[in-house]
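# Give me coordinates for this.
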Amino acid sequence: MIGFLITFIKGPLIWISFIVFGGGLIVQTFRLLKLTQKKETRRIVPDKAFKPPTELSKKERFLRYLMSQRVNPLALNICLVLVSFIFHVCLIMTPIFVLGHNVMLDTAFGISFFSLPEQVTDIMTKFVIAGAIIFLMRRLLLRRVRIISTVYDYLLLLIAVAPFVTGFMVFHHVLNYNTIILLHVLCGELLLMMIPFSKFFHMVFFFISRFMIISEHSLGNPKRSWHY
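Have a look, this model is predicted:
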């Protein structure tokens, strides 16, 4: 029975997790399209002196964007912004450019991405773990954050950091290697499957909303607005 579970986790479940991840992204993208609509081309301008956002210069749009960030709670704490930025960059980049993952890709499919030195990805993993600890302490110690936190939020944080903790343990040979590597694979599969169907989707939605939806601290020239 144990042998079957190990084979299933390292084989079919990997494919299942990628299928669920890809299918979930497609479903959520179509759902987002249903919740938004293309902006109207006709505009009613009561005051001739009013300049629509599309007629503003690049400098004016950039200054307006900077001013809009003042209402963003994150912008009030530069340290939190920095920690969050490093955390998310390392969270996304480390699994893609870690040597071990690319070796497996090359063995299985004959393809691989550029691999960062193991010392670099080890440091990036530590940044993710440290960031998770900071976010956890923030939820526990700050009353305004603690009162809106639920078990679900703590569980998501655990699921997000678990592949990195187990990966760190594998790299440094902490405890039984075969057991930890199996937990590492399982945690990675769980995280991958949950991304489209949980708050993790904000990692994808962040980029979609900035370039597609109006009034979401938009960049570029978005064409859609929320449909109520």
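# Pull the contacting residues for Leu99.
Ser115, Leu116, Pro117, Glu118, Thr121 (Cβ atoms under 8 Å, 6 or more residues apart in numbering). Backbone N, C-alpha and C define where each C-beta goes, glycine included.
# now, which of those lie within helices?
By the criterion of DSSP state H, membership of these in helices covers Glu118, Thr121.
# Could you give me the PyMOL syntax to select whichever of the contacts of Leu99 are buried?
Remark: buried members of these, expressed as a PyMOL selection using 16 or more other Cβ atoms under 10 Å:
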select buried, resi 115+116+121
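# I'd like the contacts of Leu99 laid out as a markdown table, including pLDDT and distance to Val161.
Formatted as a markdown table, the contacts of Leu99 follow (pLDDT from 0 to 100; distance: Cβ to Cβ, whole Å):
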| residue | pLDDT | distance to Val161 |
| --- | --- | --- |
| Ser115 | 84 | 22 |
| Leu116 | 88 | 20 |
| Pro117 | 89 | 22 |
| Glu118 | 89 | 20 |
| Thr121 | 92 | 15 |
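# Roughly how far does the closest residue to Met93 other than its chain neighbours sit from Cys79?
Among residues not flanking Met93 along the chain, Met124 sits closest, at 6.8 Å (Cβ to Cβ, 6 or more residues apart in numbering). To Cys79, Met124 is 19 Å away according to Cβ to Cβ, to the nearest Å.
# Show me what counts as buried in stretch 106-125.
Across stretch 106-125, burial judged by 16+ other Cβ under 10 Å covers Ser112, Ser115, Leu116, Thr121, Asp122, Met124, Thr125.
# whoops, stretch 185-198 was the one
Val185, Leu186, Cys187, Gly188, Glu189, Leu191, Leu192, Met193, Met194, Ile195, Pro196, Ser198.
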